[in-house]
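J.: pasting a predicted model and its sequence here:
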Amino acid sequence: MFDLEAFDDHREVVHVCRPEVGLRAIVALHDTTLGPGLGGCRMWAYTDARAATVDALRLSRGMTFKNALAGLPFGGGKSVILGDPARDKTPALLEAFAAAVEELGGRYVVAEDVGITEDDARVFARRTRHVCGVAAGDEGGDDGGDPAPKTARGLFKGLEAAVSHVFGRDDLDGLRVAVQGLGAVGWKLSAQLHAAGARLVVADLDAERVERARAAFAAEIAPAEAIHRAEVDVFAPCALGGVLDRRTIPELRCRLVAGAANNQLATDADGDALAARGITYVPDYVINAGGVIAVAHEYLGERAAGVVRAKIDRIAATVSEILEQAQADGTTPARAADAAARRRLGRRGERRRAA
Ligand code: NAI
């Protein structure tokens, strides 16, 4: 693991193996300067253990930056369970994983991610106190529970700010947006964009979701493998990571990329390649922080009405600041965001940059 490119001086990486319930999992804690590692648990049918390790390392690093820039008192953590959620997920497996989280004594705080639902997080809560994203709450409300609606809200606000920066306009009427992935976040983003008058092109691997979007949002449909090539103003990746790479970037026909998916850039160099093509990229961890802001406050027991929502809505200001800073410094938004997050991490972050 220490030799992997994705390894970035992670504080601690725990391998959990409970063969009696078919559990193999990895908990990665990246930087804990600002507090315990907080980040979701992903369940995925990885091709091999190496792919799972790389994912845990990269995702937990992303959480360090996300939590720091969102102003949360948490470090970067993430966990992955190796397995197909549709086939391998059982209450016993989820409970065994949660018991392992409890054994970490609060150094890691878990929530839901791809493949782990709010109901699954409630199963976690049977065996660990260090879980969030489980409180009962209404969708737009401030009181915790499923982070996806909050992520979508922050994404929409951030997208509005980015549109204002790039296109110099304060409304979305007639703006063409390609949404890749109509899951929990992508669907809600699409609904908000449609309500704001945007024209949508959508894609998902699930044909039924795509059909529903056509009916609900008058959306145009693109094949999943071609959505990034749609001729639009904005491309919003809301499926899985790594979508912006050497192959896809030359094919993009948009001026702005702003979406929820974690780790959208396959490599740091891909951020530079986007800038070279004149495409503004809103760093994923800046714009998709709405969910973690909500669950972090749930965990801290700070659920005063309006406070969480105001923090989520501040994502718009952060997006504007990062885009303006990048412009002023002649750098990319990805590098400007990393620098801003490192400043919050203080000296340890500075050393990391120097390394
Ligand atoms: P989800 O699992 O509900 O939805 C993902 C959707 O993408 C599914 O409908 C799936 O069929 C589709 N999809 C997968 N591969 C695709 C492809 N190649 N082309 C088109 N569609 C494809 O996940 P969710 O919660 O909506 O999250 C979406 C992304 O946002 C993920 O990368 C997640 O890590 C990230 N994210 C989610 C947050 C949340 O609060 N749910 C918070 C921050 C990031």
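T.: That came through, no problem.
J.: my guess is Arg107 contacts Leu29. True?
T.: Yes. Contact criterion CB atoms under 8 Å: Arg107 and Leu29 qualify, at 6.3 Å. Heads up, the C-betas are built off the backbone N, CA and C, glycines and all.
J.: looking at these two, which one has more neighbours?
T.: Counted by other CB atoms under 10 Å, Arg107 and Leu29 do not tie: Leu29 has more neighbours, with 26 against 19.
J.: phi, psi of the closest residue to Asp146 other than its chain neighbours?
T.: Of all residues not flanking Asp146 in the chain, Glu118 sits nearest, at 4.5 Å (CB to CB, 6 or more residues apart in numbering). Backbone geometry at Glu118, expressed as degrees, to the nearest 10, gives phi -60, psi -40.
J.: which residues of this structure lie near the ligand?
T.: Where the chain comes near the ligand, counting by CB under 6 Å from any ligand atom, the residues are 113-114, 147-148, 151, 180-186, 203-206, 209, 224, 238-241, 260-262, 288, 291.
J.: show me which of those are buried.
T.: Buried members of the residues of the chain next to the ligand, scored by 16 or more other CB atoms under 10 Å, are 113-114, 147-148, 151, 180-186, 203-204, 209, 224, 238-239, 241, 260-262, 288, 291.
J.: now, which of those residues lie within helices?
T.: 148, 151, 184-186, 209, 291 (DSSP state H).
J.: the helices in the stretch 201-350 of the chain, which residues?
T.: Shown for the stretch 201-350 of the chain, the helices assigned by DSSP state H, counting those that start in this stretch span residues 207-217, 268-276, 284-287, 290-300, 307-313, 315-329, 333-345, 347-354.
J.: by mean pLDDT, show me the worst of the ones you listed.
T.: Mean pLDDT values for the helices of the stretch 201-350 of the chain show the minimum at helix 347-354, a mean of 49.
J.: excluding chain neighbours, give the residue nearest to the residue of the stretch 201-350 of the chain found nearest the ligand in space.
T.: Using CB to the nearest ligand atom, the closest approach of the stretch 201-350 of the chain to the ligand is made by Gly291 at 3.1 Å. Nearest residue to Gly291 in three dimensions, chain neighbours excluded: Pro147, at 2.8 Å (CB to CB, 6+ apart).
J.: again, but for Glu251
T.: Closest residue to Glu251 apart from its sequence neighbours, by CB to CB, 6+ apart: Arg229 at 4.9 Å.
J.: may I have the residues that are in contact with that neighbour?
T.: 222, 251-253 (CB atoms under 8 Å, 6 or more residues apart in numbering).
J.: got a pLDDT number for it?
T.: Arg229 is assigned 97 on the pLDDT scale.
J.: separation between it and Ala339?
T.: From Arg229 across to Ala339, the span is 32 Å (CB to CB, to the nearest Å).
J.: just Leu4 next, same as before
T.: Counting by CB to CB, the gap from Leu4 to Ala339 is 24 Å.
J.: one more: Thr331?
T.: Distance from Thr331 to Ala339, by CB to CB: 8 Å.
J.: ok, Arg176 next?
T.: 32 Å.
J.: cool, and Lys150?
T.: Distance, Lys150 to Ala339, by CB to CB: 26 Å.
J.: more neighbours, the two?
T.: Using other CB under 10 Å, the more surrounded residue of Lys150 and Ala339 is Lys150, with 31 against 16.
J.: and that one, what does it touch?
T.: Counting by CB under 8 Å, 6+ apart, Lys150 touches 290-291, 293-294, 308, 312.
J.: go again using 6 Å as the cut-off
T.: Contact criterion CB atoms under 6 Å, 6 or more residues apart in numbering gives 290-291, 294, 312 as the residues in contact with Lys150.
J.: I'd like the list of the contacts of Arg229 that fall within strands, please.
T.: Of the contacts of Arg229, none are assigned to strands by DSSP state E.
J.: filter those down to the buried ones, ChimeraX style.
T.: Of the contacts of Arg229, the buried ones go into a single ChimeraX selection, burial set by 16+ other CB under 10 Å:
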select :222,252
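J.: can you redo the contacts of Arg229 as a markdown table with pLDDT?
T.: Converted to a markdown table, those look like this (pLDDT from 0 to 100):
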| residue | pLDDT |
| --- | --- |
| Ala222 | 98 |
| Glu251 | 98 |
| Leu252 | 98 |
| Arg253 | 98 |
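J.: what's the closest of the contacts of Arg229 to Leu59?
T.: Nearest to Leu59 among those is Leu252, at 24.0 Å by CB to CB.
J.: how much space between that closest one and Gln180?
T.: 12 Å.
J.: what helix or strand is Ala28 on?
T.: Using DSSP states H and E, Ala28 maps to strand 23-29.
J.: so how far is that strand off the chain centroid?
T.: 18 Å (CA atoms, centre = their mean, to the nearest Å).
J.: quickly run through the sheet partners of it, with directions.
T.: Partners of strand 23-29 in the sheet, by DSSP bridges, are strand 12-18 (antiparallel), strand 75-82 (antiparallel).
J.: name the residues of the first one that are buried.
T.: Counting neighbours by 16+ other CB under 10 Å, one finds that the buried residues in strand 12-18 are 13-14, 16, 18.
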